[in-house]
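> got a sequence here, can you model it:
(6 chains)
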4 protein chains.
Amino acid sequence: MSRRVPNDPDRRERILDAALDVIAERGVHATTHRRIAERAEVPLGSLTYYFDGLHDIIAQAFTRMSDRMSALYRSSVALAATRKEAERAVVDLICGEEYMPEREMTLLFEMYAYAEHSEPVARLSRDWMVRSRESLMAHFPEDVARVLDVLVEGWPMHRRFEGRPLDRALVARTVRAVIASGG
Amino acid sequence: MSRRVPNDPDRRERILDAALDVIAERGVHATTHRRIAERAEVPLGSLTYYFDGLHDIIAQAFTRMSDRMSALYRSSVALAATRKEAERAVVDLICGEEYMPEREMTLLFEMYAYAEHSEPVARLSRDWMVRSRESLMAHFPEDVARVLDVLVEGWPMHRRFEGRPLDRALVARTVRAVIASGG
Amino acid sequence: MSRRVPNDPDRRERILDAALDVIAERGVHATTHRRIAERAEVPLGSLTYYFDGLHDIIAQAFTRMSDRMSALYRSSVALAATRKEAERAVVDLICGEEYMPEREMTLLFEMYAYAEHSEPVARLSRDWMVRSRESLMAHFPEDVARVLDVLVEGWPMHRRFEGRPLDRALVARTVRAVIASGG
Amino acid sequence: MSRRVPNDPDRRERILDAALDVIAERGVHATTHRRIAERAEVPLGSLTYYFDGLHDIIAQAFTRMSDRMSALYRSSVALAATRKEAERAVVDLICGEEYMPEREMTLLFEMYAYAEHSEPVARLSRDWMVRSRESLMAHFPEDVARVLDVLVEGWPMHRRFEGRPLDRALVARTVRAVIASGG
DNA sequence: AATGAATGAGATTTCATTCAT
DNA sequence: GATGAATGAAATCTCATTCAT
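So this is what the prediction gives:
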């Protein structure tokens, strides 16, 4: 039959990863086909061969990122066997660089900003929020899950701008209080 | 006769407000000199006459916005005479559209995203954080102020993406718990 | 078993008809391989497999069209048994939508325009003219045939741009006068 | 006041003339910004500065051409003082290279073809037809004017494709017959 | 002091064509 | 014989910025 077969099977993925790199380093506002192609080491023409314009590349790149982060988030919380461990996992999520290293943080900001101007990315942001809350709801009542999620989202932002590690004791105490108040 | 007088004294401000409009509507990534000039009803050339390029316009526009929001934030909290009233003000800040209407929310996302790629705007974001915490510290100990600030920042984001009003009782209960735990 | 047999015997023709559709709808200037392939529902690669580039497809498509129209023209005039009937056939050719419906008119304009820049299509246009005159010369002297052919060519163009039917009485009177004057 | 003043006042016109040159030489289907800019000896960017895309350049170029040709047509017929002279002017229009030299003929074909796919150019073609008829109506009744116009339009097309001069006697005889029949 | 005409650089996108299979 | 993935070249278009006035 001899259908021609792609000679570079995961080029699509390479392009999306390159796009995330460029977005993280320069921002969506400075992200161009050229820079993505260069970073991915693919010819310029292949970007529009695989994708339907820059907006599509960006949207799919964010999808890829949020899938990955969501899995991380979930697994981090899911590994907890007891509520005690879950509580600790939440504190880790808030304080730790592992869950949300600098690059991911930057990408998240970019995603939230872009979501305001792109319906697919808006949907993505909503899904992301729902999924992270659902992870937490395996261990906590819904109301508690909501508040913890706000902390997990908001606190690392402060960490980012302050440029220094959070006060772990304060975080732990707050998480404890939220859990207690919600019960 | 006909001593030269600026014929449009607050043109600078008009340009910055127009820039904020464009950013809110289209995003930084689609903000251009031309669109700003058109929106401000100002000749194109005046943008580069008054400002040092697009990045400068954007940075100063964000400065203007954050000054305004900061004043609002401060006055809202400052009006409180008692801790009781301050607590209520914080709940209002989190739940209320007044403090952070849709447009401002969008702008804030854009600012945070842009901050990652612009030193002046990064500084601005840091200042913003410090100033809002200081407002809160008139009424609460530093640790409590920190946590409340995380809530004020993070919760409206959730509100934004969920697209419906927050559960005021839950917010109030959480604020109370945070204050109690920090005391 | 499974002796190789062309699985789509009139693909060539389908491609040419699709090309004519695209030319009629969008103009030669907007005719591309992709649009033709899509319209013909054939794989993109088959266009360059069967033809020697876009210019070749266009030239052959025009050939196909002019063959068809020429046959129509000829048969219309050839059916006439008497000069009287031939005269009537000419009036029909000029006034009637049957001979030159909107689509064919458009294609003819495109062909004439393209002929100026393509030797094969120029040849085609010349042949077309000769053949139509020859049809008329079965009934009329050469000079009369020439003039009638001018009318058959030129009048429908006016009809096209005016957007309304011609005045049949005027056409008939003119044809009569031309025949009389040439005799 | 010191408004900046254009330093190349008839650049617009130069661009349109260059566009006509390119269209005449290569056809609309091979007309590009680049080729026009090169021919007009202006920077590429000025094309989109002055015009709203290629379609706009083409449409305005055709407008320019038809204005010029229309003036020629009109003046040719208008100079005639008597019907006798008008009759002779019509024969000249049909036979003579002056009125419709090769280049203009080519452009006219291109315009007619393009008109099918561009509303502004379609309007232009209609206007052209009306105006030429009106010129003739200064000397002949409407019906005669219509038919003469068909001849003026259609006959040079045949001349063009046959590649040799028309038989002036035949043209004159036909024009005479048309005038007589319409009277 | 102020402007808007002008442009070069580069962004996005389209597309004819090639060629491994 | 046939295909469609792939790409280089070029097309259209946008835009920050410059600068004569």
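> what number of residues lie near residue A:12?
18 (other C-beta atoms under 10 Å in any protein chain shown). Using the backbone N, CA and C atoms, a C-beta is placed for each residue, glycine as well.
> quick check: buried residues in the strand or helix carrying it?
Take DSSP states H and E as the rule and residue A:12 turns out to sit in helix A:11-26. Neighbour-count burial for helix A:11-26 flags A:11-12, A:15-24 (criterion: 16 or more other C-beta atoms under 10 Å in any protein chain shown).
> also stretch A:81-92?
Neighbour count says stretch A:81-92 has A:86-87, A:89-91 buried, by 16+ other C-beta under 10 Å.
> and the residue of chain A nearest chain B?
residue A:154 (2.3 Å; C-beta to the nearest C-beta).
> look up how far residue A:100 lies from that residue.
Distance of residue A:154 to residue A:100, computed by C-beta to C-beta, to the nearest Å: 12 Å.
> next: residue A:85.
The value you get for residue A:85 to residue A:100, if C-beta to C-beta is used, is 20 Å.
> go on, residue A:56?
26 Å.
> out of the two, which sits in the busier spot?
residue A:100 (23 against 15).
> what ranges in chain A fall below the confidence cut-off?
Within chain A, the segments meeting pLDDT under 70 span A:1-7, A:183.
> pull the residues that contact the longest helix along it.
If you go by DSSP state H, chain A has its longest helix at helix A:54-78. Residues outside helix A:54-78 that contact it (C-beta atoms under 8 Å, 6 or more residues apart in numbering or on different chains) are A:13, A:15-17, A:19-20, A:23, A:28, A:31-33, A:36, A:47, A:51, A:86, A:89-90, A:92-93, A:99-100, A:104, A:107-108, A:111, A:114, A:118, A:120-121, A:124-125, A:127-128, A:131-132, A:135-136, A:138-139.
> and residue A:157, how many neighbours does it have?
Residue A:157 has 20 nearby residues by other C-beta under 10 Å.
> pretty sure it is touching residue B:154, no?
Yes: judged on C-beta atoms under 8 Å, residue A:157 makes contact with residue B:154 at a distance of 7.2 Å.
> what sits in contact with each of residue A:154 and residue A:100?
In contact with both residue A:154 and residue A:100: no residue, using C-beta under 8 Å, 6+ apart.
> any chance of CSV for the buried residues of stretch A:81-92, columns distance to DNA strand E?
Compiled in CSV, the buried residues of stretch A:81-92 are given as follows (distance: C-beta to the nearest atom of the strand, whole Å):
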residue, distance to DNA strand E
A:86, 43
A:87, 45
A:89, 40
A:90, 39
A:91, 41
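> Three-state assignment for the residue of chain A closest to chain B, please.
helix (DSSP: H, G, I helix; E, B strand; the rest coil).
> what sits closest to it if chain neighbours are left out?
Excluding its sequence neighbours, the residue lying closest to residue A:154 (C-beta to C-beta, 6 or more residues apart in numbering or on different chains) is residue B:154, at 2.3 Å.
> can you tell me how far that neighbour is from residue D:55?
50 Å.
> who's more crowded, the two?
Each of residue B:154 and residue D:55 has its neighbours counted (other C-beta under 10 Å); residue B:154 has more, 22 against 15.
> if I look at that one, how far off is chain D?
Noted for residue B:154: a distance of 46 Å to chain D, by C-beta to the nearest C-beta, to the nearest Å.
> coming back round to it: out of the buried residues of stretch A:81-92, what pair is the most spread apart?
A:86 and A:91 (10.0 Å; C-beta to C-beta).
> anything in stretch A:105-119 near chain B?
Yes: counting by C-beta under 8 Å from any C-beta of the partner chain, contacts between stretch A:105-119 and chain B involve A:106, A:109-110, A:112-117.
> please work out which residues outside that stretch touch it.
Contacts of stretch A:105-119 (C-beta under 8 Å, 6+ apart): A:20, A:23-24, A:27-28, A:55, A:58-59, A:62, A:65-66, A:69, A:100, A:121-122, A:124-125, A:156-157, A:160, B:26-30, B:106, B:109-110, B:112-116, B:157, B:161.
> buried stuff in that stretch?
A:105-118.
> and which of those residues is nearest residue B:146?
residue A:105 (18.3 Å).
> let me know the secondary structure of the closest one.
Relying on three-state DSSP, one would call residue A:105 helix.
> that one and residue A:163, how far apart?
Applying C-beta to C-beta to residue A:105 and residue A:163 gives a distance of 12 Å.
> cool, residue A:89 as well?
Distance, residue A:89 to residue A:163, using C-beta to C-beta: 25 Å.
> check residue A:109 too.
Where residue A:163 is concerned, residue A:109 sits at a distance of 15 Å (C-beta to C-beta).
> one more: residue A:96?
Taking C-beta to C-beta, one finds residue A:96 at 16 Å from residue A:163.
> how about the CA coordinates for stretch A:147-163, as PDB?
Once non-C-alpha atoms are left out, stretch A:147-163 reads as follows in PDB (Å, rounded to 0.1, in the frame of the first residue of the first chain):
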ATOM      1  CA  VAL A 147     -10.500  27.100  50.300                       C
ATOM      2  CA  LEU A 148      -7.400  24.900  50.100                       C
ATOM      3  CA  ASP A 149      -7.400  25.200  46.400                       C
ATOM      4  CA  VAL A 150      -7.400  29.000  46.800                       C
ATOM      5  CA  LEU A 151      -4.400  28.700  49.000                       C
ATOM      6  CA  VAL A 152      -2.600  26.400  46.600                       C
ATOM      7  CA  GLU A 153      -3.300  28.800  43.800                       C
ATOM      8  CA  GLY A 154      -2.700  32.100  45.600                       C
ATOM      9  CA  TRP A 155       0.100  31.500  47.900                       C
ATOM     10  CA  PRO A 156       2.700  30.400  45.400                       C
ATOM     11  CA  MET A 157       2.000  33.600  43.500                       C
ATOM     12  CA  HIS A 158       3.100  35.600  46.600                       C
ATOM     13  CA  ARG A 159       6.100  33.400  47.000                       C
ATOM     14  CA  ARG A 160       7.000  34.100  43.400                       C
ATOM     15  CA  PHE A 161       6.800  37.900  43.700                       C
ATOM     16  CA  GLU A 162       8.400  38.000  47.100                       C
ATOM     17  CA  GLY A 163      11.300  36.000  45.800                       C
END
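> list the contacts for the residue lying closest to residue A:153 once chain neighbours are set aside?
Distances taken as C-beta to C-beta, 6+ apart put residue B:154 closest to residue A:153, at 4.9 Å, once the chain neighbours are dropped. Taking C-beta under 8 Å, 6+ apart, we find residue B:154 in contact with A:150-151, A:153-155, A:157.
> so which of those residues is the closest to DNA strand E?
residue A:157 (27.8 Å; C-beta to the nearest atom of the strand).
> for the closest one, give me its contacts.
A:105, B:112, B:153-154.
> what helix or strand does it sit in?
Counting by DSSP H and E, residue A:157 is found in helix A:142-162.
> which SSE is immediately downstream of that helix?
Using DSSP H and E, the first helix or strand after helix A:142-162 is helix A:168-182.
> ok and that following helix relative to helix B:168-182, angle-wise?
140 degrees (axes from the mean of the first three to the mean of the last three C-alpha atoms, to 10 degrees).
> next, the angle helix B:142-162 makes with helix A:168-182.
Using the same axes, to 10 degrees: helix A:168-182 against helix B:142-162 is 60 degrees.
> export helix A:168-182 as CSV, just CAs?
Extracted in CSV, the C-alpha atoms of helix A:168-182 (Å, rounded to 0.1, in the frame of the first residue of the first chain):
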residue,chain,number,x,y,z
ARG,A,168,6.3,26.8,56.4
ALA,A,169,5.0,27.0,59.9
LEU,A,170,2.5,29.7,58.9
VAL,A,171,1.4,27.7,56.0
ALA,A,172,0.9,24.6,58.0
ARG,A,173,-1.0,26.5,60.7
THR,A,174,-3.3,28.1,58.1
VAL,A,175,-4.0,24.8,56.4
ARG,A,176,-4.8,23.2,59.7
ALA,A,177,-7.1,26.1,60.6
VAL,A,178,-9.0,25.9,57.3
ILE,A,179,-9.5,22.2,57.7
ALA,A,180,-10.7,22.6,61.2
SER,A,181,-13.1,25.5,60.4
GLY,A,182,-14.6,23.6,57.5
